[in-house]
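> only geometry, no sequence info:
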């Protein structure tokens, strides 16, 4: 699709601290806005589906029950990638409403295709920076769960500060959970897994559901990359905490 929109880095974004209003959460940019062309199918589904199922970012709280049209449990997924895992989870749990945040346009298009083909009425997308969405749009105590699956590990030591899972942001996420709600992080980068465990353990409003790392719950399906990694002897670590 030659005229499909591209995501490009803004010259104003730079590599420093988030723009005004983001510094309070201790984050510099934790994602790279990769340029990438959508396939013809991704572009078509993006154009058709986003006006129907997209949550447009606004600096104002959103009523999630009104947005989904029902009062069911609400789960936020940060970073849906190409959407296959997100769609599988939503398909298997149609009594739960899922809001996925993703900035990569081809990934959003791919997830739109999954939503249409699977006829998922319980999965919506916000194509925007998750830090701003959580901070500005999601009221305190509005979520039953949060998924952060395989975020960029920024494995070079000088880039570790870019990692999404940092104390200020975890505190923000915890404030959006209902009592008993869960925060589930997963990574295939062992050093990042230990950082996740350390950061979540230090958040006073959260409690670990396991002694250290948790077994993978049934609701998180294995991805093809994870299966390949397991065959090669690579590890995957799940960290699951609940709001006290």
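Here it is on my side, so go on. Since the model is a prediction, treat every value here as computed from it, not as a measurement.
> got a list of what the most centrally placed residue in the chain touches?
The geometric centre of the chain, computed from its C-alpha atoms, lies nearest to residue 78 (C-alpha atoms, centre = their mean), at 0.8 Å. Neighbouring residues of residue 78 by C-beta atoms under 8 Å, 6 or more residues apart in numbering: 101, 130, 146, 147, 148, 151, 164. For the C-beta atoms, the positions are set from N, CA and C on the backbone; glycine is no exception.
> Number of residues surrounding the last one?
By that I understand residue 164. Here the count is done by other C-beta atoms under 10 Å, and residue 164 has 22 residues near it.
> and it, helix, strand or coil?
In the three-state summary, residue 164 is assigned as coil, counting by DSSP: H, G, I helix; E, B strand; the rest coil.
> what do you get for the fourth one?
Classification of residue 147 using three-state DSSP returns strand.
> Name the nearest residue to it, ignoring sequence neighbours.
Take residue 147 and drop its neighbours on the chain: the residue closest to it by C-beta to C-beta, 6 or more residues apart in numbering is residue 77, 4.3 Å away.
> Quick one: residues contacting the one you found.
Listed by C-beta under 8 Å, 6+ apart, the contact set of residue 77 reads 86, 89, 98, 99, 100, 101, 146, 147, 148, 149.
> Looks to me like the fourth one is in a helix.
No - for residue 99, which was evaluated using three-state DSSP, the result is strand, with no helix membership.
> Start the count at 852 instead of 1 going forward.
Got it, first residue is 852 now, which makes that one residue 950.
> Are any of the contacts of residue 928 buried, and if so which?
The neighbour-count test (16 or more other C-beta atoms under 10 Å) applied to these identifies 937, 940, 949, 950, 951, 952, 997, 998, 999, 1000 as buried.
> from these, which single one is nearest residue 1067?
Of all the buried ones among the contacts of residue 928, the one sitting nearest residue 1067 is residue 1000; the distance, using C-beta to C-beta, is 10.6 Å.
> does the residue lying closest to the closest one once chain neighbours are set aside sit in a helix, a strand or a coil?
If the residues on either side of it in the chain are set aside, residue 1000 comes closest to residue 1037, at 4.8 Å by C-beta to C-beta, 6+ apart. Put simply, residue 1037 is strand when judged by three-state DSSP.
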